[in-house]
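Q: Can you look at this prediction? I've put the sequence above it.
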Amino acid sequence: MPIPPRQLIILDRDGVINQDSDAYIKSLEEWIPYPTAIDAIARLTQAGFTVAVATNQSGIARGYYTHTELARMHARLNSLVEEAGGRIPHIAYCPHGPDDACGCRKPLPGLLHDIQQELALDSLAGSWMVGDSLRDLQAGEACGCRTVLVKTGKGEKTAAKGVGLEHALVCADLADFADALLSGTLD
């Protein structure tokens, strides 16, 4: 049975699910999840939402880490979410640098289209896109998603700029968004 778009939540990774770093998250040891984010993903999954991840990972193009090391980080993420009672059916990532002229690097919507195709959805309109940067929100808006800015990671700086947030819900963190969504205060 297809996933109703309103039941899909797409998350950015760094700054939303785990701590971010201006020096990049280059190894499993540097990948430090927010415990409340892992719990939020599990709660959303248990409530019937499908949670996917769309993440720019230009550190691969820059030679800071490999696809294999990224796979280790994502295996750990999936393991923690499953231990908490949740599930992430697909993680889409862009390994390209900002000058590679790819179609997947956010703010372009390629990663979201990958999720759409992988989950066999007709449309992403009405889905949720949660991120900590303007480019996350722009990718979501390009696909008709409802957008959420979390203030973790780079989110506080993004919120302070106030540019491009006209249609975005602003939440303290992923757990705050999950609380609002699960309480029924968001449609």
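A: Done, it's in.

Q: just for the protein, where's the confidence low?
A: Residues of the chain meeting the criterion pLDDT under 70: 1-6, 187.

Q: can you give me the strands in it?
A: Ranges of strands in the chain, per DSSP state E, are 8-11, 50-56, 91-94, 128-131, 146-150, 169-171.

Q: As TSV, the ones you listed with mean neighbour count would be great.
A: All C-beta spots, glycine's among them, are computed from the backbone N, C-alpha and C. Output for these, formatted as TSV (neighbours: other Cβ atoms under 10 Å):
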stretch	mean neighbour count
strand 8-11	25
strand 50-56	24
strand 91-94	20
strand 128-131	29
strand 146-150	25
strand 169-171	18
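
Q: Adding distance to Leu80, write those strands out as a markdown table.
A: A markdown table is the format used below for the strands of the chain (distance: least, Cβ to Cβ, whole Å):
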| stretch | distance to Leu80 |
| --- | --- |
| strand 8-11 | 14 |
| strand 50-56 | 13 |
| strand 91-94 | 13 |
| strand 128-131 | 18 |
| strand 146-150 | 18 |
| strand 169-171 | 21 |
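
Q: closest to Leu121 out of those strands?
A: strand 8-11 (7.0 Å; Cβ to Cβ).

Q: count of residues packed around the nearest residue to Tyr24 once chain neighbours are set aside?
A: Spatially, and ignoring its direct neighbours in sequence, Tyr24 is nearest to Gly59 (4.2 Å; Cβ to Cβ, 6 or more residues apart in numbering). Gly59 has 20 neighbouring residues, counting by other Cβ atoms under 10 Å.
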